[in-house]
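In: Have a look; sequence and predicted model below, questions after that.
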Amino acid sequence: MPDFRRYAAIMAVFASVLYVALVVAGFGILSLWLDEDVISDPDAGPIAGPIMSAFAVAVVFAYLLTLALRVPKERQRVAPLSALLVGFAAYAVFAIVGGVALGLGDAEAFGFVIALGSQLLSPFALAAGVLAFIVVLLDMIVIASQIGDRGRPRWPWEKRDDEGGS
């Protein structure tokens, strides 16, 4: 694997971990600020929220890893529209998985639709999408900034040695 692709793949992992941390912190802050639980259904169980978040993280990670491994170094660009689409995908996946997870235990015929509607309107689903947009955009900026990079920074005395001077 070329150095740039390895670097971009490692950045995809770190960006995904950053996304997880931001989602946890963002949900905590929103929950305190709005005085609302992330999962308002008491029958949902303790695993519904982490499953919803895991699927949103999987969307972000899959996109970043695909970008790292498939797009050549020369074609790496900052694409805000692509980042926005990934943010929307993370929002939609978070809400759909939440609708499925919360609607499966409901005895009503339209339990899934009601749960999906409540998740689509949830500020937590919106936060998952916005944070995905921010993380993907930041990853694109960092990766694109490496184009034309000539290696690690060097001290002035190291540069003299490279030129063959004394």
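Out: Now that the structure is in, tell me what you want to look at. In this text, all values refer to a predicted model and were calculated from it rather than measured experimentally.
In: Show me the shaky parts of this structure.
Out: Along the chain, the model assigns pLDDT under 70 to residues 1, 105-110, 148-153, 159-166.
In: mind redoing it with 90?
Out: Within the chain, the stretches with pLDDT under 90 are 1-5, 7, 37-49, 70-77, 98-121, 144-166.
In: Measure how buried the closest residue to Phe124 other than its chain neighbours is and give me the count.
Out: In space, and not counting its chain neighbours, Phe124 is closest to Val38: 5.1 Å by CB to CB, 6 or more residues apart in numbering. (C-beta placed from N, C-alpha, C; glycine too.) Using other CB atoms under 10 Å, Val38 has 20 neighbouring residues.
In: was I right about Val38 contacting Ser31?
Out: Yes. At 5.8 Å, Val38 counts as touching Ser31 under the criterion of CB atoms under 8 Å.
In: quick one: buried residues of stretch 82-101?
Out: 82-83, 86-87, 89-101 (16 or more other CB atoms under 10 Å).
In: what about the helices in this structure?
Out: 3-34, 48-70, 80-103, 111-120, 123-144, 156-162 (DSSP state H).
In: could you dump the ones you listed to TSV with distance to Pro42?
Out: TSV is the format used below for the helices of the chain (distance: least, CB to CB, whole Å):
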stretch	distance to Pro42
helix 3-34	15
helix 48-70	11
helix 80-103	11
helix 111-120	13
helix 123-144	16
helix 156-162	62
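In: re the thing from before, for the residue nearest to Phe124, what are its contacts?
Out: Applying CB atoms under 8 Å, 6 or more residues apart in numbering, we find Val38 in contact with 27, 30-31, 49, 124.
In: can you do 10 Å?
Out: 27-28, 30-31, 44, 48-49, 52-53, 98, 122-125, 127 (CB atoms under 10 Å, 6 or more residues apart in numbering).
In: ok, now Asp139?
Out: Contacts for Asp139 (CB under 10 Å, 6+ apart) come out as 8, 11-12, 14-16, 18-19, 60, 63-64, 67-68, 78, 83, 86.
In: redo that, cut-off 8 Å
Out: 11-12, 15, 64, 67.
In: Please verify my assumption that Val20 contacts Val60.
Out: No. Using CB under 8 Å, Val20 makes no contact with Val60, being 9.2 Å away.
In: Appreciated, that's everything.
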